[in-house]
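>>> dropping the sequence and predicted coords here.
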Amino acid sequence: IACTFYHNGKMMRQLLGESFKQRIVSIFGNSYQEKLFPIEQQTEYMSITGYLGKAENAKKKRGEQYLFINHRFVKHNGLAFAIESAYNQIIPEGYHPVFFICLEVNPATIDVNISPTKVEIKLQEERLVFGFLNAAVKKAIGEFSLIPQLDFDYNTELDINNIPENST
């Protein structure tokens, strides 16, 4: 879907019909092209797709956390916690991961009448969704090496097995 935003008669932003990742990059800037890695998991109960940020791109504020359920932007503290807890060993305390995640679930399992804005929802199987989402994020972190890498190469000159026998 293409979208053009005008403010006081002046065009502020024009977004073309593009992929989800391209839309994120169009809104947040070209630097996001390298900061995002895909997440994708399918089960009989739900589908999880979207993008996760690298651990080193974690933010002090939660401003870049977007969760969509059945194409609707939602705020759900439990599901946000499922994502954040998958990162808890790799980002510093007080920082929050960047994510843009879309869930598809049976609409009959969602109650949108929690708040007047319809942004907050209640899921029938919250624990199940929490578990699937947490596992999918952990899998993506491992699959796409979102964890900062350690260099295990060592200097072989210091290896005790390389000391010549008659070196005294």
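Okay, I see it.
>>> tell me the contacts of residue 122?
Counting by Cβ atoms under 8 Å, 6 or more residues apart in numbering, residue 122 makes contact with 110-111, 114. (C-beta placed from N, C-alpha, C; glycine too.)
>>> please state the offset of stretch 76-95 from the chain centre?
10 Å (Cα atoms, centre = their mean, to the nearest Å).
>>> what's that stretch in contact with?
Against stretch 76-95 from outside (Cβ under 8 Å, 6+ apart): 52, 55, 58-60, 62, 65, 67, 69, 96-97, 99, 101, 103, 120-121, 123, 126, 129-131, 133-134, 137-138, 141, 146-148.
>>> how about the closest residue to residue 6 other than its chain neighbours, secondary structure?
Closest residue to residue 6 apart from its sequence neighbours, by Cβ to Cβ, 6 or more residues apart in numbering: residue 12 at 6.6 Å. Put simply, residue 12 is strand when judged by DSSP: H, G, I helix; E, B strand; the rest coil.
>>> one step back: separate out the buried members of the contacts of residue 122.
residue 110 (16 or more other Cβ atoms under 10 Å).
>>> dump the contacts of residue 122 to CSV, plus secondary structure and pLDDT.
Listed next are these as CSV, based on DSSP: H, G, I helix; E, B strand; the rest coil; pLDDT from 0 to 100:
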residue, secondary structure, pLDDT
110, strand, 88
111, strand, 87
114, coil, 84
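>>> hang on, the earlier thing: quick one: which of the contacts of stretch 76-95 sit in strands?
52, 65, 67, 69, 99, 101, 103, 123 (DSSP state E).
>>> tell me the bridge partners for the third one.
To tie it back to what came earlier, the one meant is residue 67. Bridge pairing for residue 67 (DSSP bridges) gives the partners residue 74, residue 101.
>>> and if you look at the first one?
When bridges are called by DSSP bridges, residue 52 pairs up with residue 37, residue 99.
>>> ok, longest helix in the protein?
Secondary structure of the chain per DSSP state H: the longest helix is helix 126-143.
>>> show me the contact partners of that one.
In contact with helix 126-143 (Cβ under 8 Å, 6+ apart) are residues 37-41, 43, 45-46, 48, 52, 55, 78-79, 81-83, 85-87, 90, 99, 101, 103, 105, 123, 146-147.
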